[in-house]
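**Q** How does the following fold in three dimensions:
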Amino acid sequence: MTDVVAKSLLRWYDRHHRELPWRTSPRERAAGRRADPYHVWLSEIMLQQTTVQAVKPYFQSFLRQWPSVVALADAPADDIMKAWAGLGYYSRARNLKKCADIIASEHGGRFPETEPALKALPGIGDYTAAAIAAIAFDRHAAVVDGNIERVISRLEKIEEPVRAVKPRIRALMADLTPANRPGDFAQSMMDLGATICTPKRPACSLCPVNAQCKAFRDGDPDLYPVKPPKRKKPMRRGAAYVAVAPDGAVLLRRRAEKGLLGGMSEVPNSDWTARQDGGLGPQHAPFEAEWVSAGTIVHVFTHFELRLDVYRADVAPDDTVTDGWWTQQRDLAGEALPTVMKKAISAAVDSAFKQR
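**A** Residues are numbered from 1 along each chain as shown. Predicted structure coming up:
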């Protein structure tokens, strides 16, 4: 079965692969052009917990600013965080800089080719190491992302939730991966999961390996992968304080380097975390002012939901405001603001506009 699946998928991939800005096509690879490991690494880090469509403009923007890993290593960390703003999971951006620094300083600007050496670098785990090794260096590696977990769960009709059988799925992927073209095979499995073996209503009649799929044979592919019971996300509360100067500039400050949204820009807010609520009301503002309610925003993180009460105050940027810096609203797009902070600023600006 393994040879049949690999051959069928590679034939299908040669005809139907997705054109993505970080990939080399099968035709280019056949002509001897390897995938650029910098492109593979950068895209895989960006794609963690993020969609292909969301990543494309970020990837292209990064390449314009930093066309090589050495250029990225030379870039100020603040510039990288600003360019990353909106992609979420900001520890990835911090590790991106750390990893680039090590590759430039300790590896002569060249990525290691083996999984163990790649996994020794910041921010590179099992999946990313296998993806770089297979796609960029043609190493036989078991590449397993969410799409591939779904495909294998259906091929083998695995009755347990994915979280409980990850080592088994990884072993099955290792068996399926051919010695020839392991990177293309990994990408064929990704593309199959993204375009045909989709989470809902898979297009099984178009699947190149439906004859080998046990879930399709038994007529119930939608039941796989088996999902554990959903846990309700906890709700956390807090407050955000948007101070606006007479010229429209907004007061920003930097979050601590460690922890959620570490190193990003923010408007002042109360001390909420994923585990505890922050203070509520104007009394928790960083300084005295005429704080006026601007409504409430909701933002969903991976493990919890945050409800922030937003307050706005018109403030003169004098000596009483010493923590942070002022940024004109037209320049906010250039700041390293996570989405939750953009929502808070928008709520404050919209509130002021409605009150006029």
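
**Q** can we go C-alpha only for contacts and neighbour counts from here?
**A** Will do.

**Q** now for the helix or strand harbouring residue 192, which elements pack on it?
**A** Using DSSP states H and E, residue 192 sits within helix 182-195. Using 3 or more Cα pairs under 8 Å, 6 or more residues apart in numbering; DSSP states H and E as the contact test, the elements touching helix 182-195 are helix 2-16, helix 126-137, helix 146-156.

**Q** So which of the ones you listed is the most surrounded?
**A** helix 126-137 (a mean of 24; mean count of other Cα atoms under 10 Å).

**Q** Other residues contacting it?
**A** For helix 126-137, contacts defined as Cα atoms under 8 Å, 6 or more residues apart in numbering pick out 34-37, 40-41, 44-45, 113-116, 118-119, 139-145, 182-184, 186.

**Q** and that helix, how far from the chain's centre?
**A** The chain centre lies 17 Å from the centre of helix 126-137; the measure is Cα atoms, centre = their mean, to the nearest Å.

**Q** what is the mean pLDDT for that helix?
**A** Averaged over helix 126-137, pLDDT sits at 97.

**Q** How about stretch 61-69?
**A** The pLDDT scores in stretch 61-69 average 97.

**Q** after the helix holding residue 192 comes which helix or strand?
**A** For helix 182-195, the following helix or strand on the C-terminal side (DSSP H and E) is helix 214-217.

**Q** So for that next one, what gets flagged as buried?
**A** Judged by neighbour count using 16 or more other Cα atoms under 10 Å, the buried positions of helix 214-217 are 214-216.

**Q** in stretch 43-53, what's buried?
**A** The neighbour-count check on stretch 43-53 (16+ other Cα under 10 Å) flags 43-48 as buried.

**Q** what about that stretch, how long is it end to end?
**A** The first and last residues of stretch 43-53 sit 12 Å apart, counting by Cα to Cα, to the nearest Å.

**Q** Mind jotting down where the helices sit in the protein?
**A** Using DSSP state H, the helices assigned to the chain run over residues 2-16, 26-30, 37-47, 52-65, 69-74, 77-84, 91-106, 115-119, 126-137, 146-156, 166-176, 182-195, 214-217, 339-354.

**Q** I'd like these as a markdown table, with distance to residue 317 appended.
**A** Shown next, in a markdown table, are the helices of the chain (distance: least, Cα to Cα, whole Å):
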| stretch | distance to residue 317 |
| --- | --- |
| helix 2-16 | 58 |
| helix 26-30 | 57 |
| helix 37-47 | 37 |
| helix 52-65 | 33 |
| helix 69-74 | 34 |
| helix 77-84 | 23 |
| helix 91-106 | 31 |
| helix 115-119 | 47 |
| helix 126-137 | 46 |
| helix 146-156 | 48 |
| helix 166-176 | 54 |
| helix 182-195 | 50 |
| helix 214-217 | 64 |
| helix 339-354 | 17 |
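
**Q** out of the buried residues of helix 214-217, who's nearest residue 239?
**A** Checking those against residue 239 with Cα to Cα, the nearest one is residue 215 at 48.6 Å.

**Q** That closest one is in contact with residue 154, isn't it?
**A** Yes - Residue 215 lies in contact with residue 154 (Cα atoms under 8 Å); the separation is 5.1 Å.

**Q** what sits in contact with each of those two?
**A** Residues touching both residue 215 and residue 154 by Cα under 8 Å, 6+ apart: 221, 224.

**Q** Going through the contacts of helix 126-137, which ones are buried?
**A** Buried, going by 16+ other Cα under 10 Å: 34-37, 40-41, 44-45, 113-115, 118-119, 139-145, 182-184, 186, out of those.

**Q** mind checking which of the helices and strands packed on helix 182-195 is nearest residue 222?
**A** When those are compared (using Cα to Cα), the closest one is helix 146-156, at 8.6 Å.

**Q** Any chance you could list what contacts that closest one?
**A** By Cα under 8 Å, 6+ apart, helix 146-156 touches 162, 169, 172-173, 189-194, 197-199, 212-216, 221, 224-225.

**Q** Now do it against helix 182-195, angle only.
**A** 80 degrees (axes from the mean of the first three to the mean of the last three Cα atoms, to 10 degrees).

**Q** how near is residue 206 to residue 198?
**A** Using Cα to Cα, we find residue 206 at a distance of 12 Å from residue 198.

**Q** More neighbours: those two, which one.
**A** residue 198 (17 against 10; other Cα atoms under 10 Å).

**Q** What separation is there between the more buried one and residue 84?
**A** 28 Å.

**Q** Check residue 72 too.
**A** Residue 72 is 13 Å from residue 84, by Cα to Cα.

**Q** and what of residue 242?
**A** Distance from residue 242 to residue 84, counting by Cα to Cα: 22 Å.

**Q** Also residue 139?
**A** 30 Å.

**Q** that older thread, now do the helix holding residue 192 and helix 2-16, the angle between them.
**A** 70 degrees.

**Q** Now do the contacts for residue 23.
**A** Residues near residue 23 by Cα under 8 Å, 6+ apart: 35, 39-40.

**Q** Not counting residues beside it along the chain, what's closest to residue 243?
**A** Distances taken as Cα to Cα, 6 or more residues apart in numbering put residue 313 closest to residue 243, at 5.0 Å, once the chain neighbours are dropped.

**Q** pLDDT wise, what is the one you found at?
**A** Predicted confidence (pLDDT) for residue 313: 94.

**Q** With residue 322 instead?
**A** The model reports residue 322 with a pLDDT of 68.

**Q** do the one 10 residues further on as well
**A** Here, the pLDDT recorded for residue 332 equals 93.
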